[in-house]
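> Fold the following and give me the result.
(chains A and B)
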Amino acid sequence: DAGVTQSPTHLIKTRGQHVTLRCSPISGHKSVSWYQQVLGQGPQFIFQYYEKEERGRGNFPDRFSARQFPNYSSELNVNALLLGDSALYLCASRRRGQETQYFGPGTRLLVL
Amino acid sequence: DQQVKQNSPSLSVQEGRISILNCDYTNSMFDYFLWYKKYPAEGPTFLISISSIKDKNEDGRFTVFLNKSAKHLSLHIVPSQPGDSAVYFCAAVKEDSNYQLIWGAGTKLIIKP
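Residues are numbered from 1 along each chain as shown, chains lettered A, B, ... in the order given. Here you go, the predicted structure:
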């Protein structure tokens, strides 16, 4: 079975621009979560979606938004990019009722 | 307020010996604890988890021990292999927060040949 996939793998943007990151979960997993990881720190929770509904939101500004589609894939959108948004963005999927989340390879975003 | 802490930024261990990675937490309401391994430029890979109602879980070379009274868990890797060199993250979840992962800062494990 295919694992969690994310696209693109790398992205370079300038301040003020907008970015969309994409994620496809493992087949059968209906929950998708997004995390941001900056160098030297553990990942920070951004959003969780289950059955197309937002089930949790971390301490991130409104410039960050997400959605989940009927096929359970998900998009993370970030508007008005700041230099501090440069990070590895991770997507994870989980089967309902199980604690284990499985991660994709991440999207490395660099904001110049 | 950091709820999950990994106080050792790095650990160096001889190949073949035991690696012990430590993690402390402050919230006694966590339901599960998980360990992930991460190589540079890759996503975290799940290794092993433990329920808060257990004190030990084993999977091959990996064993996790949970000491609830001390709010401490540890991951033992025996024997350590060169491919184990990576950053190891401890994470915790509560079922009533939709299994949102709360992460430590990670420990870089270096296995010396």
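
> how about the residue of chain B found nearest chain A, what does it touch?
Distance from chain A to each residue of chain B (C-beta to the nearest C-beta) is smallest for residue B:103, at 3.1 Å. Every residue, glycine included, has its C-beta placed from N, CA and C. Counting by C-beta atoms under 8 Å, 6 or more residues apart in numbering or on different chains, residue B:103 touches A:42-44, B:4, B:89-91.

> in stretch B:69-87, what's buried?
Within stretch B:69-87, the residues that count as buried by 16 or more other C-beta atoms under 10 Å in any protein chain shown are B:73-77, B:80, B:84-87.

> export the residues you listed to a markdown table and tack on distance to chain A and pLDDT?
Shown next, in a markdown table, are the buried residues of stretch B:69-87 (distance: C-beta to the nearest C-beta, whole Å; pLDDT from 0 to 100):
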| residue | distance to chain A | pLDDT |
| --- | --- | --- |
| B:73 | 14 | 97 |
| B:74 | 17 | 98 |
| B:75 | 15 | 98 |
| B:76 | 20 | 98 |
| B:77 | 19 | 98 |
| B:80 | 22 | 98 |
| B:84 | 18 | 97 |
| B:85 | 17 | 97 |
| B:86 | 14 | 97 |
| B:87 | 10 | 97 |
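
> What is the nearest of the residues you listed to residue A:37?
Nearest to residue A:37 out of these is residue B:87 (C-beta to C-beta; 10.5 Å).

> what number of residues lie near the residue nearest to the residue of chain B closest to chain A when sequence neighbours are not counted?
Nearest residue to residue B:103 in three dimensions, chain neighbours excluded: residue A:42, at 3.1 Å (C-beta to C-beta, 6 or more residues apart in numbering or on different chains). When neighbours are counted by other C-beta atoms under 10 Å in any protein chain shown, residue A:42 registers 24.

> Could you pull up the residues touching residue 79?
Went with chain A since none was named. Contacts of residue A:79 by C-beta under 8 Å, 6+ apart are A:18, A:63, A:65.

> meant chain B, my bad for not saying
Counting by C-beta under 8 Å, 6+ apart, residue B:79 has contacts B:15-18, B:61.

> For beta bridges, what are the partners of residue B:32?
residue B:51, residue B:93 (DSSP bridges).

> Touching, it and residue B:90? I think so.
No - judged on C-beta atoms under 8 Å, residue B:32 makes no contact with residue B:90 at a distance of 11.5 Å.

> burial of the closest residue to residue A:80 other than its chain neighbours, as a residue count?
Of all residues not flanking residue A:80 in the chain, residue A:63 sits nearest, at 5.3 Å (C-beta to C-beta, 6+ apart). Residues contacting residue A:63 under the criterion other C-beta under 10 Å number 13.

> quick one: pLDDT of residue A:1?
As predicted, residue A:1 sits at a pLDDT of 60.

> Report the central residue of chain A.
residue A:34 (3.3 Å; C-alpha atoms, centre = their mean).

> so how far is residue B:84 from that residue?
Using C-beta to C-beta, to the nearest Å, residue A:34 is found at 28 Å from residue B:84.

> can you check residue A:41 too?
From residue A:41 to residue B:84 the distance is 22 Å (C-beta to C-beta).
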